[in-house]
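Peer 1: Sharing a sequence plus its predicted fold:
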Amino acid sequence: MVFDKILLLAVLEIAVFLLGYAIGRRVGKKEGITEGMSILPLDWRRQLNETSICPLCSQQLNTNKNCDKIHNRD
């Protein structure tokens, strides 16, 4: 009889621990995704400024073309 009560108590403790772990994991994943989505535009901008290559389409940007003809006076 005493063994049954101890076994039931141990099973309930394990169940509560696993329930808390599962809830904490879900909350942590949601927070991580939210934080990642807020940091992502800043990281893309940093990559664009460092390499002049768009992180979305891999196109070379800001190629120094002189189209205003200020320096090409004849």
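Peer 2: Yep, it's here. Numbers count the residues shown, from 1 in each chain.

Peer 1: Tell me where the model's unsure across the protein.
Peer 2: 62-74 (pLDDT under 70).

Peer 1: which residues in the chain form helices?
Peer 2: 2-51 (DSSP state H).

Peer 1: So for the protein, the centremost residue is which one?
Peer 2: Residue closest to the average C-alpha location in the chain (CA atoms, centre = their mean): Gly36, at 2.7 Å.

Peer 1: Test my guess that Cys54 contacts Leu61.
Peer 2: Yes: between Cys54 and Leu61 there is a contact under CB atoms under 8 Å: 5.6 Å. (Glycine included, C-beta is placed from N, CA and C.)

Peer 1: more crowded one of these two?
Peer 2: Cys54 (14 against 10; other CB atoms under 10 Å).

Peer 1: and that one, how far is that from Arg45?
Peer 2: 11 Å (CB to CB, to the nearest Å).

Peer 1: and for these two, which residues touch both?
Peer 2: Taking CB atoms under 8 Å, 6 or more residues apart in numbering as the contact rule, Cys54 and Arg45 touch no residue in common.

Peer 1: can you list residues touching both of Cys54 and Leu61?
Peer 2: Joint contacts of Cys54 and Leu61 (CB under 8 Å, 6+ apart) are Leu48.

Peer 1: Give me the neighbour count for the closest residue to Gln59 other than its chain neighbours.
Peer 2: Distance criterion CB to CB, 6 or more residues apart in numbering; nearest residue to Gln59, sequence neighbours excluded, is Ile53 at 7.1 Å. Ile53 has 13 neighbours, counted by other CB under 10 Å.

Peer 1: Over to Ile23?
Peer 2: 10.

Peer 1: Please apply the same query to Leu48.
Peer 2: 15.

Peer 1: The one 10 residues further on now?
Peer 2: Ser58 has 7 neighbours, counted by other CB under 10 Å.

Peer 1: try Ser52
Peer 2: Neighbours around Ser52, by other CB under 10 Å: 13.
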